[in-house]
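Visitor: Sequence and predicted structure, then a few things I'm wondering about:
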Amino acid sequence: MKIKAINGFKDILPEAALRWQQIEQKARDIFERFGMCEIRMPILEKTELFSRSIGEATDIVEKEMYSFSDKGITMRPEATASLLRAFIEHGLHVQQPVQRLYTIGPMFRHERPQKGRLRQFHQMDVEIIGATEPQVDAELMAMGQMLLNDLGLTVSLEINSLGCPACRPDFRVKLITYLEARKESLCEDCRRRLATNPLRALDCKSRGCKALVQDAPSILDSLCNDCNTHFAGVEHSLNLLGVTYSKNRFMVRGLDYYTRTTFEFITDDLGAQSAVGAGGRYDGLIEQLGGPPLPGIGFAMGMERLALLMDQQTDSTIPKSSTDIFIAALGDEATEYSSMLTHKLRTLELKAAMDYSGRSLKAQMKQAGRINSRFALIIGENELVEKQAVLRNMQTQEQVTFSLNEIIDEQAERLRSIIKPEFRITEDNVII
Ligand code: HAM
């Protein structure tokens, strides 16, 4: 029996990997334009890191973590907690008052797999640590929007504020009172969570809860003065930067660490999984994890969802990989000779390929076409004797005779000057 990949864990095959590279390259380029530096953390962390940050009463910590319970370690379900752990552990705030960091990598959640929802998925995560200003919140959302636009995607931005420890408890009481009075219409999950996590009812997908919360008190009406001013500042800055957004007072996040601004990049094109990216502010979290009392804000985009959406929404074709030159070798002596030439071309930074199997010329030329080679050099025993090979431009089908007279190093350089004319050789044999 063949062994298959585990449910919810997916291979990214070569063609799809090119799409992923395209997304990742664009993201790195934009993140760096915004002054972000890359950081990489391990996949395994102490379980306590996630229960203390994401929250004991969240779905992620309650039922979705891949934990080795006998060892007290967990495969990270998200990047923020790990990134902050590293930030605190290495005292990064000492070097710079505001740190802008990003990381890209796999995360693990034991969710029910469906379109756009996997058990191993990949996030591109960005965090700005040490800044409280609402302009920073807006800048971060503008960066997310810029990335989505550059990828050719149409995604809308929704924002909300979840208040702070000064105003959220009051809102929580108001909401519990409202929900308690209508308890029989709540779904089982929301009824169970009423005491521990009542805010989840606001974004519950069940029809009963959805209808019920339409008239529930709005968190935006319960914000304290400071949170109100901050939220107004975020809106003002988003308008200044020309970022289109809408307010969604029902948006609560599946992670407990958020304060004030939260936001989601939303689409209707991915079925049940509407969020392509999401994030928010977490002003008390760093201190809660044993670090200095610094504020922070960030977001993460899901790479699987971005790739799916690009396939659906854009006509941008997946970039094809190409090869500079394929050497078709016929016969043992020619194969040996070609292996040296291929190697030399690779040291000159050309993408060169050949086939050692001694297949027919027709089969080898087919192979050259399959790997999208721009040129093919055909070397057989006769060509070695006559010191002349055929060089074919695979796009135009034009052929020229290529002399094999000089030593291999010189041949390789001459080939490079044909394939990459920017490496022309001058008369006195200098490569420019
Ligand atoms: P999150 O909303 O849990 O937030 O995840 C962010 C994004 O990761 C989602 O919008 C989605 O695109 C992707 N994602 C999440 N779960 C899955 C899954 N099972 N399969 C595929 N994609 C998924 C966070 O993780 C926060 N750490 C974001 C953040 C950064 N907040 C502040 N800083």
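Guide: Ah, there it is. This structure is a prediction, so every number in the text was calculated from the model and none was measured.
Visitor: tally of neighbours for the residue in the stretch 151-300 of the chain that the ligand sits nearest to?
Guide: Using Cβ to the nearest ligand atom, residue 298 is the residue of the stretch 151-300 of the chain that sits closest to the ligand, at 2.8 Å. Bear in mind the C-beta positions are built from the backbone N, C-alpha and C, glycine included. With neighbours defined by other Cβ atoms under 10 Å, the count for residue 298 comes to 21.
Visitor: Which strand or helix spans it?
Guide: Mapping residue 298 onto the secondary structure by DSSP states H and E places it in strand 296-302.
Visitor: Who are the packing partners of that strand?
Guide: For strand 296-302, the helices and strands in contact under the criterion 3 or more Cβ pairs under 8 Å, 6 or more residues apart in numbering; DSSP states H and E are helix 80-89, strand 120-129, helix 134-150, strand 259-266, strand 275-281.
Visitor: rerun that using 7 Å as the cut-off
Guide: If you count contacts as 3 or more Cβ pairs under 7 Å, 6 or more residues apart in numbering; DSSP states H and E, strand 296-302 packs onto strand 120-129, helix 134-150, strand 275-281.
Visitor: Switch those over to CSV; also include distance to the ligand.
Guide: Written out in CSV, the entries for the helices and strands packed on strand 296-302 read as follows (distance: least, Cβ to the nearest ligand atom, whole Å):
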stretch, distance to the ligand
strand 120-129, 3
helix 134-150, 9
strand 275-281, 4
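Visitor: Name the residues of this protein found near the ligand, please.
Guide: Among all residues of the chain, those adjacent to the ligand (criterion: Cβ under 6 Å from any ligand atom) are 78-80, 109, 111, 116-118, 121, 123, 125, 127, 254-255, 275-280, 298-302, 304-305.
Visitor: Of those, just the buried ones, ChimeraX syntax please.
Guide: Per 16 or more other Cβ atoms under 10 Å, the buried members of the residues of the chain next to the ligand correspond to this ChimeraX selection:
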select :78,79,80,109,111,116,117,118,121,123,125,127,254,255,275,276,277,278,279,280,298,299,300,301,302,304,305
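Visitor: Quickly run through the sheet partners of the one helix or strand residue 324 maps to, with directions.
Guide: Counting by DSSP H and E, the element that carries residue 324 is strand 323-329. Using DSSP bridges, the strands paired with strand 323-329 are strand 352-354 (parallel), strand 373-379 (parallel).
Visitor: export those to a markdown table and tack on mean neighbour count and mean pLDDT?
Guide: Shown next, in a markdown table, are those (neighbours: other Cβ atoms under 10 Å; pLDDT from 0 to 100):
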| stretch | mean neighbour count | mean pLDDT |
| --- | --- | --- |
| strand 352-354 | 21 | 98 |
| strand 373-379 | 22 | 97 |
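Visitor: Let me have those strands in TSV, extended by distance to residue 159.
Guide: TSV is the format used below for those (distance: least, Cβ to Cβ, whole Å):
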stretch	distance to residue 159
strand 352-354	50
strand 373-379	48
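Visitor: so who does residue 381 touch?
Guide: For residue 381, the contact set (Cβ atoms under 7 Å, 6 or more residues apart in numbering) comprises 330-331, 333-334.
Visitor: Likewise for residue 262?
Guide: By Cβ under 7 Å, 6+ apart, residue 262 lies in contact with 160, 162, 251, 253, 280.
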